[in-house]
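Student: Pasted the sequence and its predicted model underneath.
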Amino acid sequence: DAGVIQSPRHEVTEMGQEVTLRCKPISGHNSLFWYRQTMMRGLELLIYFNNNVPIDDSGMPEDRFSAKMPNASFSTLKIQPSEPRDSAVYFCASRLGTTFTGELFFGEGSRLTVL
Amino acid sequence: GNSVTQMEGPVTLSEEAFLTINCTYTATGYPSLFWYVQYPGEGLQLLLKATKADDKGSNKGFEATYRKETTSFHLEKGSVQVSDSAVYFCALTVNQAGTALIFGKGTTLSVSS
C-alpha cells in the first residue's frame, strides 16, 4: 500500500520565489498534518486538517505561509515569498480518523533550501 | 500549556549496551504518550505508545512506562544494536478530539559495533 507521498523531495530556490509543497495522504485517512523540522527548533506543527477543514493553524509562522486541502487526497503548503530562514525539512503526515491516540503516518519529507 | 522535554543528545553507545532516553511532559489534560523513531533520510514512524497511567508500551525490544506521578515516559532497551541508530522523539497528544501530536526535540542515538 502507498504511504504518504510528498513532492518534491528536494527543492532549492532563491529568496523571494514562491514554493509549493505537495502531499497525498493515505487513502481513507481523515486528518492531515504539516510539520517543519530544523536543527534549532526540532519538529514544529504548522497546521492540521480534520476532514479537509483546517483546525489549528497557530503554528504557521506568518502570512507568507498558507496551506490548503481542497479534497481528501491532496494538500499543499505554499510559501510566498520564500526567505532563507524557511530552509527546513517539511513533513506531511496523515491519520485515520480524528482520535487523538491514532498513529500518524509520515511522508519522507520535502527538503527546502532557500538561497 | 502542553510540552515535551527530552534529554539532550547525542547518545553514543556500544552494541549490546543498555539504553535509556529520558522524557518528561507537561499537559493541561490527560495525555496519551508516544515514542516515534526517525531513521536517516526517512520520515518518522511510531515505535510505541501508552494511553493511560501505568500502561507500558513495547515494540522491537523497546519499552516505556507511562508514569503519571513523575510525568515521565522514559524509553529503554536492554541491548541496543547498530540498526537502532536513529533519532527518537517523545510526543504527546491531549485527551481532546482532533488534537495534534506535540513532539520533543528529539534525541540522536548512535550505536557502534
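Tutor: Happy to help now that I have it. Numbering: from 1, shown residues only, chains lettered A, B, ... in the order given.
Student: Every contact and neighbour count from this point should use C-alpha atoms.
Tutor: Fine.
Student: and the gap between the residue nearest the centre of chain A and residue A:88?
Tutor: Most central in chain A under Cα atoms, centre = their mean is residue A:34, positioned 3.1 Å from the mean C-alpha point. Applying Cα to Cα, to the nearest Å, the value for residue A:34 to residue A:88 is 12 Å.
Student: so where's chain A shaky on pLDDT?
Tutor: Counting by pLDDT under 70, chain A has low-confidence residues at A:1, A:98.
Student: try 80
Tutor: Applying pLDDT under 80 to chain A flags the ranges A:1, A:97-101.
Student: what are the ranges of the strands in it?
Tutor: A:5-7, A:10-13, A:19-24, A:31-38, A:42-50, A:53-56, A:65-71, A:74-79, A:88-95, A:105-106, A:110-114 (DSSP state E).
Student: Reformat those strands into TSV and put distance to chain B next to each item.
Tutor: Listed next are the strands of chain A as TSV, based on distance: least, Cα to the nearest Cα, whole Å:
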stretch	distance to chain B
strand A:5-7	11
strand A:10-13	12
strand A:19-24	13
strand A:31-38	8
strand A:42-50	5
strand A:53-56	8
strand A:65-71	16
strand A:74-79	17
strand A:88-95	7
strand A:105-106	5
strand A:110-114	10
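Student: Pull the contacting residues for the nearest residue to residue A:61 once chain neighbours are set aside.
Tutor: Leaving aside its sequence neighbours, residue A:61 sits nearest to residue A:46 (Cα to Cα, 6 or more residues apart in numbering or on different chains; 7.5 Å). Residue A:46 makes contact with A:33-36, A:57-61, according to Cα atoms under 8 Å, 6 or more residues apart in numbering or on different chains.
Student: Distance of residue A:46 relative to residue B:102?
Tutor: Counting by Cα to Cα, the gap from residue A:46 to residue B:102 is 11 Å.
Student: picking up where we left off before, is it true that the residue nearest to the centre of chain A touches residue A:43?
Tutor: No: Residue A:34 is beyond contact range of residue A:43, at 10.1 Å (criterion: Cα atoms under 8 Å).
Student: Mind listing the shared neighbours of the two?
Tutor: Residues touching both residue A:34 and residue A:43 by Cα under 8 Å, 6+ apart: none at all.
Student: how about the helices of chain B, start to end?
Tutor: In chain B, no helices are defined using DSSP state H.
Student: low pLDDT regions in it?
Tutor: Looking at chain B by pLDDT under 80, you get B:95-100.
Student: ok, 70 please
Tutor: B:95-99.
Student: Residue B:43 touches residue A:89, doesn't it?
Tutor: No: contact criterion Cα under 8 Å: residue B:43 and residue A:89 do not qualify, at 10.0 Å.
Student: where do the contact lists of these two overlap?
Tutor: Between them, residue B:43 and residue A:89 share these contacting residues under Cα under 8 Å, 6+ apart: residue A:109.
Student: quick one: residue B:74 from chain A, how far?
Tutor: Using Cα to the nearest Cα, to the nearest Å, residue B:74 is found at 18 Å from chain A.
Student: Can you tell me the closest non-neighbouring residue to that residue?
Tutor: Counting by Cα to Cα, 6+ apart, residue B:74 lies nearest to residue B:22, which is 4.5 Å off, once chain neighbours are set aside.
Student: do the same with residue A:59
Tutor: Distances taken as Cα to Cα, 6+ apart place residue A:46 nearest to residue A:59, at 4.2 Å, with adjacent residues excluded.
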